[in-house]
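J.: Got a sequence here, can you build the structure:
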Amino acid sequence: MGKEFILLTLIFIQPFSRPAMHFYIPGAIAGIIILQVSIIAPTLSKNLASKDFGKTIRALWPKFFIFIAVLGALSTAIIAYTGDGGNYHLAISGFTFIAALTCYFIIPATNRATDEGDTKKFNLLHKLSVWLTVAILLVNIVFLFI
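T.: Predicted structure coming up:
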């Protein structure tokens, strides 16, 4: 494990170990969420037929949440490795990881509720996903100011 850990550290974490580098990932997370919800999803909604939109969005959202989760995990690792940031930064990075994974793991149930016409279950799961995404966005913006 020693050589592999050192190699992974040099490749993935070391470039971020310069002062204040731990701020870049939360900024990227906030930017990605804003791009996704303000430009990509509305554009797809307006320009694709309902069936095509559903198919596209079902392929896009899982990737979106996994990408955010990976960035949250990377941010957590960088803060823990470098010692930059404080406990709040570490908590925000950890929350980002867990919340994004939660959103990812409820996607199949949300899709199933849609397919089965279970509006009540869909609304609950969709609202959970939306609120977690909003929380991820807000805490990653706050991250930049604390």
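
J.: Just name the shakiest helix or strand of the protein by mean pLDDT.
T.: For the chain, the helix or strand with the lowest mean confidence is helix 2-8, at a mean of 61 (criterion: mean pLDDT, DSSP states H and E).

J.: same for whichever helix or strand comes after it, what does it pack against?
T.: Next helix or strand after helix 2-8 toward the C-terminus (DSSP states H and E): helix 24-35. Counting by 3 or more CB pairs under 8 Å, 6 or more residues apart in numbering; DSSP states H and E, the packing neighbours recorded for helix 24-35 are helix 50-82, helix 87-116, helix 119-143. The way it works is simple: take the backbone N, C-alpha and C, and place the C-beta from them, glycine included.

J.: Any chance you could list what contacts the helix or strand just after helix 24-35?
T.: For helix 24-35, the succeeding helix or strand toward the C-terminus, using DSSP H and E, is helix 41-47. With CB atoms under 8 Å, 6 or more residues apart in numbering as the test, helix 41-47 has contacts from Phe53, Thr56, Ile57, Leu60.

J.: how many neighbours does the first one have?
T.: Phe53: 15 surrounding residues under other CB atoms under 10 Å.

J.: what do you get for the last one?
T.: Residue crowding around Leu60 was assessed by other CB under 10 Å; the count is 14.

J.: pretty sure it contacts Leu48?
T.: No. Using CB atoms under 8 Å as the test, Leu60 is too far from Leu48 to be in contact (11.3 Å).

J.: Of the contacts of helix 41-47, just say which sits nearest to Ile39.
T.: Lowest distance from Ile39 to the contacts of helix 41-47 (CB to CB) belongs to Leu60, with 12.6 Å.
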